[in-house]
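K.L.:
Here you go, sequence then predicted model.
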Amino acid sequence: MTISSARPEAGGRPGLLARRPLTSFFVMAYAFSWLVWSPWVLGEDGAGLLPTRIDPALIGYLNAAAILAGPTVAGLVMARVTGGRAGVRALLARLVLWRVGVQWYVVALVGVPLIMLVGTTIWAGAGPTSGALGGPSYLLTYVVTFVLVTVLGGPLFEEIGWRGFALPRMQSSLGALGASVVLGVLWALWHLPQFLVPSWAASSGGGGVSGILLFTLTAITFTVVITWLFNHTRASLLIAVLVHSSIDTFSITLGALFPPDVLASAMPFMIGFGAVALVLVAVTRGRLGYAGRQE
């Protein structure tokens, strides 16, 4: 089916994609990403389903390609289906929606790392290792890592789909809290193929059913916080990308500040973001700043 055939003909019935935009988006996002991820799952370091080795550099390319092929392509396709070229332009315009108030940048770039630091400290029962970051030069390293993570690690391209296309439509039918819970679950389960790779599972809070469950609950808390920021910044995708990037980048920093066993579980993030999410839900009565249709 071509994109144009999914749109309503003159006086006719909309195509399947247009009739079920959210279902179509998630099916495409999962299918495209899982298909691209499959070589990694089948053979990374001989630990996958087949005893073949994949070059570590190729793993990075597969990961980036899976993100681009999944939520990015699915989001852009569905924006085109539901809104034509204007729909695609409107979605992409929110990537550069930067006039949102300096306080939201502070929350995204400083507040999010502080939440992670406090949660990890509580879980570890001790403070971070002093001097582990190597002095003032760390700031430059952090900025460079932040940019690389944003562009290559997922935040920029994932958010085009999750918060760019899906969240506004989910909020209009489920409300802010309901949309955050459902999107958090679907966002987490999108990662399922990666849990078949031991090295990825170990770096994401552990594998097995308990690890996946905790990862999913943590993704819901992430989503509640991102939704709150998203709704207070006129649906700015830029802020959503910055929050996502802060989470991913500061996770690397925490690995230098705390012993490896502390971050072997997603509990540090669950503690920090879980507490913040509960406060936001209570204070906003579940609305999370949502004031109406955004798509």
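P.N.:
That came through fine. Quick caveat, the model's predicted, so the values are computed rather than measured.

K.L.:
what is the mean pLDDT for the helix or strand harbouring residue 211?
P.N.:
Using DSSP states H and E, the element containing residue 211 is helix 208-232. Helix 208-232 comes out with an average pLDDT of 96.

K.L.:
Buried residues, that helix. List them.
P.N.:
211-212, 214-232 (16 or more other CB atoms under 10 Å). C-beta here means a position set from N, CA and C on the backbone, and glycine is covered the same way.

K.L.:
Kindly report the same for stretch 133-145.
P.N.:
Buried residues in stretch 133-145 (16+ other CB under 10 Å): 133, 142, 145.

K.L.:
Render the CA-only coordinates of that stretch in CSV, please.
P.N.:
Output in CSV follows, covering the C-alpha atoms of stretch 133-145 (Å, rounded to 0.1, in the frame of the first residue of the first chain):
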residue,chain,number,x,y,z
LEU,A,133,35.3,12.3,36.9
GLY,A,134,38.8,13.8,36.5
GLY,A,135,38.3,17.5,37.1
PRO,A,136,36.9,20.4,35.0
SER,A,137,37.8,18.7,31.7
TYR,A,138,34.9,16.3,32.5
LEU,A,139,32.4,19.0,31.4
LEU,A,140,33.7,19.1,27.9
THR,A,141,33.6,15.3,27.8
TYR,A,142,30.0,15.3,29.0
VAL,A,143,29.0,17.8,26.3
VAL,A,144,30.6,15.8,23.5
THR,A,145,29.1,12.6,24.8
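
K.L.:
helix or strand right after the helix or strand harbouring residue 67?
P.N.:
Taking DSSP H and E as the definition, residue 67 sits inside helix 56-67. Downstream of helix 56-67, the first helix or strand assigned by DSSP H and E is helix 73-93.

K.L.:
Mind listing residues that contact that following helix?
P.N.:
3, 6-7, 15, 17-18, 21, 24-26, 28-29, 32, 160-161, 164-166, 237, 295 (CB atoms under 8 Å, 6 or more residues apart in numbering).

K.L.:
Next SSE downstream of it?
P.N.:
That would be, after helix 73-93 and using DSSP H and E, helix 102-106.

K.L.:
and after that next one, which helix or strand comes next?
P.N.:
Assigned by DSSP H and E, the successor of helix 102-106 is helix 112-124.

K.L.:
what residues does the helix or strand just after that following helix touch?
P.N.:
Sequence-wise, the next helix or strand downstream of helix 112-124 (DSSP H and E) is helix 137-152. For helix 137-152, contacts defined as CB under 8 Å, 6+ apart pick out 60, 64, 134, 155-156, 241-242, 245-246, 248-249, 252-253.

K.L.:
Render the CA-only coordinates of stretch 205-222 in CSV, please.
P.N.:
The C-alpha trace of stretch 205-222 is given here as CSV (Å, rounded to 0.1, in the frame of the first residue of the first chain):
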residue,chain,number,x,y,z
GLY,A,205,19.2,-3.3,34.6
GLY,A,206,19.4,-7.0,34.0
GLY,A,207,17.6,-9.6,31.9
GLY,A,208,14.9,-12.1,32.7
VAL,A,209,11.3,-11.4,33.5
SER,A,210,12.1,-9.4,36.6
GLY,A,211,14.6,-7.3,34.8
ILE,A,212,12.2,-6.6,31.9
LEU,A,213,9.3,-5.8,34.4
LEU,A,214,11.5,-3.3,36.3
PHE,A,215,12.7,-1.8,33.0
THR,A,216,9.1,-1.3,32.0
LEU,A,217,8.0,0.3,35.2
THR,A,218,11.0,2.6,35.0
ALA,A,219,10.1,3.5,31.4
ILE,A,220,6.6,4.5,32.7
THR,A,221,8.1,6.9,35.3
PHE,A,222,10.4,8.4,32.6
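
K.L.:
any idea how far that stretch is from the chain center?
P.N.:
14 Å (CA atoms, centre = their mean, to the nearest Å).

K.L.:
again with stretch 216-232
P.N.:
9 Å.

K.L.:
begin at 14 from here
P.N.:
Renumbered: residue one is now 14, and that last one reads stretch 229-245.

K.L.:
quick one: secondary structure of residue 304?
P.N.:
Three-state call for residue 304 (DSSP: H, G, I helix; E, B strand; the rest coil): coil.
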